[in-house]
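Asks: Sequence and predicted model, in that order:
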Amino acid sequence: MSVHNNVKRVTTHTLQEMKNNGEKISMLTGYDFSMARIIDTAGMDVILVGDSASNVMAGHETTLPITLDQMIYHASSVVRAVQRALVVVDMPFGSYQGNSKEALSNAIRIMKESGGHAVKMEGGKEILESISRILTAGIPVMGHLGLTPQSIYKFGTYVVRAKEKDEAARLIEDAKALEEAGCFAIVLEKIPADLATRVAQEVSIPIIGIGAGNGVDGQVLVVHDMLGINNEFNPRFLRKYHNLFEEMLGAFQRYIEDVKSNDFPNKDEQY
Ligand code: KIV
């Protein structure tokens with residue numbers, strides 16, 4: 001029997017059941033009320049209020065500038081729209097990497113002020129103290145390994161991670177450490193498919209991939225990318241389900257023409 005079809009509200013336990021049952025988990029980012037309502041109505045299992053909002057909503061080059069207050073604003077808009085999906089909120093850069101007590105109070109702010117259901121944090125062993133402290137407060141934590149965009153200035157590029165043996169071995173160790181600490185799931189971003197498959201087999205919590213092949217327990221994409229809103233972002237891992245850039249452009253151009261030519265509004269569109 002399908003777990004997905006039988007839950008009114010997705011929880012972290014639902015995701016674990018889905019993994020145990022061999023059912024794939026669907027996850028997509030969302031940042032605002034209107035989009036989140038459509039995504040939730042479609043039956044998405046998880047909506048991630050990603051710090052990619054920094055790029056796609058605010059136009060920054062990286063995810064680093066987005067603030068805790070801005071993440072809470074996006075997350076609370078999404079939570080108001082959602083009836084079924086699990087809402088996971090990214091902890092922004094600088095809100096958890098230093099002091100674990102500050103990390104806990106920032107995670108508590110996210111949970112209290114946005115109503116989100118869990119937080120996501122980038123990194124492995126180096127952030128375990130913050131993860132453990134947040135978990136002790138009963139806040140579910142999703143890990144994120146591989147390409148971790150908050151460390152872009154350390155990596156220098158957005159190329160595939162963990163292609164070399166050493167980095168692959170460290171990633172497996174980190175995934176096991178996150179599982180042991182009590183994370184309920186892990187995102188693996190842009191790593192070789194074979195490595196991601198191995199991690200999904202060696203840890204018992206759900207592994208959600210982005211650019212990590214299909215041997216994992218679920219997939220996540222950035223909603224603006226899969227809808228083709230940003231027509232300049234075309235990585236190999238991205239499947240575009242629409243070309244909304246072109247469609248929206250056409251709609252805006254037709255509206256301009258209709259206004260300029262006095263075609264809009266017509267008699268039926270006025271009082
Ligand atoms: O912020 C984000 O959108 C993410 C996904 C790419 C996993 O972390």
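Replies: Happy to help now that I have it. Source: prediction; values computed, not measured.
Asks: in stretch 74-94, what's buried?
Replies: For stretch 74-94, the buried set under the neighbour-count rule, 16 or more other Cβ atoms under 10 Å, comprises 74-79, 81-82, 85-93. Backbone N, C-alpha and C define where each C-beta goes, glycine included.
Asks: Now intersect these with the helices, please.
Replies: Among those, DSSP state H puts 74, 75, 76, 77, 78, 79, 81 in helices.
Asks: In the protein, what residue lies closest to the ligand?
Replies: Going by Cβ to the nearest ligand atom, the ligand is nearest to residue 50 of the chain, at 2.5 Å.
Asks: Pretty sure that residue sits against residue 27.
Replies: No. Residue 50 is beyond contact range of residue 27, at 9.9 Å (criterion: Cβ atoms under 8 Å).
Asks: Could you list the residues of the stretch 151-271 of the chain in contact with the ligand?
Replies: Selection of the stretch 151-271 of the chain residues close to the ligand by Cβ under 6 Å from any ligand atom yields 187, 189, 210, 220, 222.
Asks: Try it again at 5 Å.
Replies: 187, 220, 222 (Cβ under 5 Å from any ligand atom).
Asks: Now the phi/psi pair for the second one, please.
Replies: As for residue 220, its main-chain torsions (degrees, to the nearest 10) stand at phi -130, psi 140.
Asks: Over to the first one?
Replies: As for residue 187, its main-chain torsions (degrees, to the nearest 10) stand at phi -90, psi 130.
Asks: likewise residue 18?
Replies: phi -60, psi -40.
Asks: Could you check how many residues crowd around the nearest residue to it once chain neighbours are set aside?
Replies: Residue nearest to residue 18 in three dimensions, not counting chain neighbours: residue 3, with 4.9 Å by Cβ to Cβ, 6 or more residues apart in numbering. Neighbours of residue 3 under the rule other Cβ atoms under 10 Å: 20.
Asks: just residue 140 next, same as before
Replies: 22.
Asks: cool, the one 3 residues further on as well?
Replies: Counted with other Cβ under 10 Å, the neighbours of residue 143 add up to 28.
Asks: picking that back up, residue 50 and residue 27: which is more packed in?
Replies: residue 50 (29 against 26).
Asks: In terms of pLDDT, where does that one sit?
Replies: pLDDT for residue 50: 98.
Asks: after the helix or strand of the chain with the lowest mean pLDDT comes which helix or strand?
Replies: Sorting the helices and strands of the chain by mean pLDDT, DSSP states H and E puts helix 152-155 at the bottom, at a mean of 92. Following helix 152-155 in sequence order, the next helix or strand is helix 165-181 (DSSP states H and E).
Asks: packing partners for that following helix?
Replies: The helices and strands touching helix 165-181, judged by 3 or more Cβ pairs under 8 Å, 6 or more residues apart in numbering; DSSP states H and E, are helix 128-136, strand 141-146, strand 185-189, helix 193-202.
Asks: one more time with 7 Å
Replies: Packing contacts for helix 165-181, counted by 3 or more Cβ pairs under 7 Å, 6 or more residues apart in numbering; DSSP states H and E, involve helix 128-136, strand 141-146, helix 193-202.
Asks: quick one: the longest one to helix 165-181, angle?
Replies: Using axes from the mean of the first three to the mean of the last three Cα atoms, to 10 degrees, one finds that helix 193-202 and helix 165-181 are set 30 degrees apart in direction.
Asks: now the second one
Replies: Angle of strand 141-146 versus helix 165-181, following the same axes, to 10 degrees, is 180 degrees.
Asks: Each with direction, which strands does strand 141-146 pair with?
Replies: strand 118-122 (parallel), strand 185-189 (parallel) (DSSP bridges).
Asks: Let's see the first one as CSV, backbone CA atoms only.
Replies: Translated: strand 118-122. Presented in CSV, the C-alpha positions along strand 118-122 are these (Å, rounded to 0.1, in the frame of the first residue of the first chain):
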residue,chain,number,x,y,z
ALA,A,118,12.1,21.1,10.3
VAL,A,119,15.3,22.9,9.5
LYS,A,120,18.1,22.0,7.0
MET,A,121,21.8,22.7,7.6
GLU,A,122,24.8,22.4,5.2
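Asks: That'll do, ta.
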